[in-house]
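return atomic coordinates for the entry below.
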Amino acid sequence: MLFITHDILEAVLLGDHVGVMSRGPGATLTRVIPMELERPRSLTDPKFAQYVTEIERLLGMEAKDGR
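Numbers count the residues shown, from 1 in each chain. Coordinates of the predicted model:
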């Protein structure tokens, strides 16, 4: 099943893998990150926070590159 969201917390909470896409009309899948977290997932799990930070960093790098 493919679930599309712009909410990083939601993606990490629900996904088995999170795909990060580039910006724009010609968007491409730039990275797929497997979510190696136990279920049920907890927002207070340090590993959960690491995944959120990694995705935010990837999206921030993209914004700085202008892609």
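
which phi and psi does the residue nearest to residue 16 when sequence neighbours are not counted have?
Among residues not flanking residue 16 along the chain, residue 35 sits closest, at 5.9 Å (C-beta to C-beta, 6 or more residues apart in numbering). The way it works is simple: take the backbone N, C-alpha and C, and place the C-beta from them, glycine included. With angles defined as degrees, to the nearest 10, residue 35 shows backbone torsions of phi -90, psi 100.

if I look at residue 35, what pLDDT would I see?
The confidence metric pLDDT takes the value 98 at residue 35.

surely it is in contact with residue 10?
No: contact criterion C-beta atoms under 8 Å: residue 35 and residue 10 do not qualify, at 12.0 Å.

compare neighbour counts for the two and give me the winner.
Legend: neighbour count by other C-beta atoms under 10 Å for residue 35 and residue 10, higher for residue 35 (17 against 11).

what ranges do the helices span in the chain?
Along the chain, counting by DSSP state H, helices occupy 8-14, 46-65.

nearest to residue 24, of the ones you listed?
For these, proximity to residue 24 was assessed by C-beta to C-beta; helix 46-65 is nearest, at 10.0 Å.

show me what that closest one is packed against.
Counting contacts by 3 or more C-beta pairs under 8 Å, 6 or more residues apart in numbering; DSSP states H and E, helix 46-65 is packed against helix 8-14, strand 17-21, strand 29-34.

looking at these, which one is packed in the most?
Across the helices and strands packed on helix 46-65, the average number of neighbours (mean count of other C-beta atoms under 10 Å) peaks for helix 8-14, which reaches a mean of 17.
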